[in-house]
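# need a 3D model of the sequence below.
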Amino acid sequence: MVTIKDVAREAGVSVGTASQALRESPAVREATRHRVLAVAKRLRYQPSALARGMVTRRTHTVGLLISDIANPFFIRAVRAIEDVAQGNGYNVILCNTDEDPVKETQYLRVLMEKRVDGIILATTAGSRQAVREVRWRRIPLVLFDRELTGVAADIVKVDSVLGGRLATEHLLRLGHRRIAIIHGPVVRSTGAERLQGYLAALEAAGVAPVPDLIREGNFKQDSGRELARELLRVSPPPTALFCTNNLMTVGALQALRERGVRIPADLSLIGYDDMEWWTLTDPPLTTIGQPVYELGCEAMRLLLDQIGAKGRRRPRRVVLKPELLVRESGGPPSRTAGPNTPRERSGLLRKARANACDT
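Numbering: from 1, shown residues only. Sure thing, here's the model as predicted:
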């Protein structure tokens, strides 16, 4: 690898002069600067970002950890984060944890070793010790989409409790009472909060939750498919289904299609995350939309603010609003649907909500 010493030797100047010339310092004569630049071009010299970073204490790189690179939600967020980063002279190192806390911990340690200027993290909630080390090193950190209890850091998220309420209230207004839900892991704040919103809407309507209609998935397509199959075997079956992320919604749609379930004649369906193709399904899907691009932009702006801040500042919290996008996948309960079950004992709702909020 060609070093600055090689450039200085070929140009017949000192290393200091070569360095100043490459930075286009006005302290270097024009003829000398041209000679150094010509030699650097001929030798294909590439400045060392690591060496430059040791001097400036900046690498102009940030780490971005997402939990599932196959999820279109995160792809859209990555685009927003990169757009803002590039516009401010930063490069993004993308890491996919695949919802694995071990991988998340490994990536956080790698990013610390690479001396990134900051980190944006969509956490699996299983790497608290590594995240605390990031904070101990005073590396700027923004939690993205998901909260992490016990960690003081900036956070950018969407109100998932409200999202769960909006979907469930819409189904209740259509007349549904046997509303099933496939929610994400309650160890993730998004999984617990969307379930909490579902339960809160049922409580406000005086409808007791039915444990058989509440299923916990893994935010991936396979769990949506398998859990939807299980829900179709419940007797009497649900008249409506709420899936709390896009991939589980895709899986549920696969299960409903293979069983010949008509939407919304036999079962009303609401998904989460408004993907472009939801308007192309038959029927077009009602969903909870999230301002994903804005979410990513806000996360990067907060990180840049931390990087440029002089001294410590209080953690900031940005919470954006979801939106109910009504299309044609919801309708009144089928006349052939089974009767509602008797009202469950009064303590069931409190127990279910407690389980959702324990995390």
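
# report the buried residues of the host helix or strand of residue 305.
Using DSSP states H and E, residue 305 maps to helix 292-308. Buried residues in helix 292-308, counted by 16 or more other C-beta atoms under 10 Å: 292, 295-304, 306-307. The C-beta positions use only the backbone N, C-alpha and C, and glycine is treated the same way.

# among those residues, which one sits closest to residue 228?
Each of these was scored against residue 228 by C-beta to C-beta, and residue 292 proved nearest at 24.5 Å.

# can you get me a residue count around the residue lying closest to that closest one once chain neighbours are set aside?
Leaving out its chain neighbours, the residue that sits closest to residue 292 by C-beta to C-beta, 6 or more residues apart in numbering is residue 76, at 4.4 Å. Applying other C-beta atoms under 10 Å, we find 18 residues neighbouring residue 76.

# need the contact list for residue 89.
Applying C-beta atoms under 8 Å, 6 or more residues apart in numbering to residue 89 gives the contacts residue 60.

# that one falls within a strand, correct?
No. Counting by DSSP: H, G, I helix; E, B strand; the rest coil, residue 89 falls outside a strand, being coil.

# can you pull the pLDDT of it?
Residue 89 carries a pLDDT value of 92.

# quickly note the distance from the residue nearest to residue 332 when sequence neighbours are not counted to residue 228.
Leaving aside its chain neighbours, residue 332 sits nearest to residue 175 (4.7 Å; criterion: C-beta to C-beta, 6+ apart). Residue 175 sits 21 Å away from residue 228, going by C-beta to C-beta, to the nearest Å.

# these two: which is more packed in?
Set residue 175 next to residue 228 and count neighbours by other C-beta under 10 Å: residue 228 wins out with 29 against 12.

# let me see the contact set for that one.
Counted by C-beta under 8 Å, 6+ apart, residue 228 has contacts 182, 241, 243, 251-252, 254-256.

# switch the cut-off to 10 Å
When contacts are counted by C-beta atoms under 10 Å, 6 or more residues apart in numbering, residue 228 touches 180, 182, 215, 217, 238, 241, 243, 248-249, 251-256, 258-259, 261, 267, 269.

# got the buried residues for stretch 133-143?
For stretch 133-143, the neighbour count (16+ other C-beta under 10 Å) marks 134, 139-143 as buried.

# same question, stretch 251-258
Of the residues in stretch 251-258, 251-256 count as buried by neighbour count, 16+ other C-beta under 10 Å.

# residues in contact with that stretch?
180, 182, 217, 220-232, 241-243, 261-263, 266-267, 269, 271, 281-282, 285, 329.

# sec struct for residue 257, please.
Per three-state DSSP, the local secondary structure of residue 257 is helix.

# again with residue 102
State at residue 102, reduced to three classes by three-state DSSP: helix.

# what about it, neighbour count?
Neighbouring residues of residue 102 were enumerated by other C-beta under 10 Å; the total is 12.

# for the protein, which segments count as helices?
Listed in chain order, the helices found in the chain under DSSP state H are 4-11, 15-22, 30-43, 49-56, 72-87, 101-113, 128-136, 160-173, 189-204, 221-232, 246-258, 292-308, 347-357.

# can you list those in CSV and add distance to residue 66?
Below are those laid out as CSV (distance: least, C-beta to C-beta, whole Å):
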stretch, distance to residue 66
helix 4-11, 37
helix 15-22, 36
helix 30-43, 37
helix 49-56, 24
helix 72-87, 4
helix 101-113, 10
helix 128-136, 15
helix 160-173, 17
helix 189-204, 13
helix 221-232, 17
helix 246-258, 13
helix 292-308, 10
helix 347-357, 24
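
# kindly reformat the buried residues of stretch 133-143 as CSV containing distance to residue 193 and pLDDT.
Output for these, formatted as CSV (distance: C-beta to C-beta, whole Å; pLDDT from 0 to 100):
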residue, distance to residue 193, pLDDT
134, 24, 91
139, 27, 92
140, 25, 94
141, 21, 95
142, 19, 96
143, 14, 95
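
# can you name the two of these that sit furthest apart?
Greatest spatial distance in the buried residues of stretch 133-143: 139 and 143, 13.2 Å, computed using C-beta to C-beta.

# distance of residue 101 from residue 164?
Distance from residue 101 to residue 164, counting by C-beta to C-beta: 24 Å.

# count the neighbours of the closest residue to residue 271 other than its chain neighbours for me.
Excluding the flanking residues, the one nearest residue 271 by C-beta to C-beta, 6+ apart is residue 249, at 3.5 Å. Residues lying near residue 249 (other C-beta under 10 Å) number 27.
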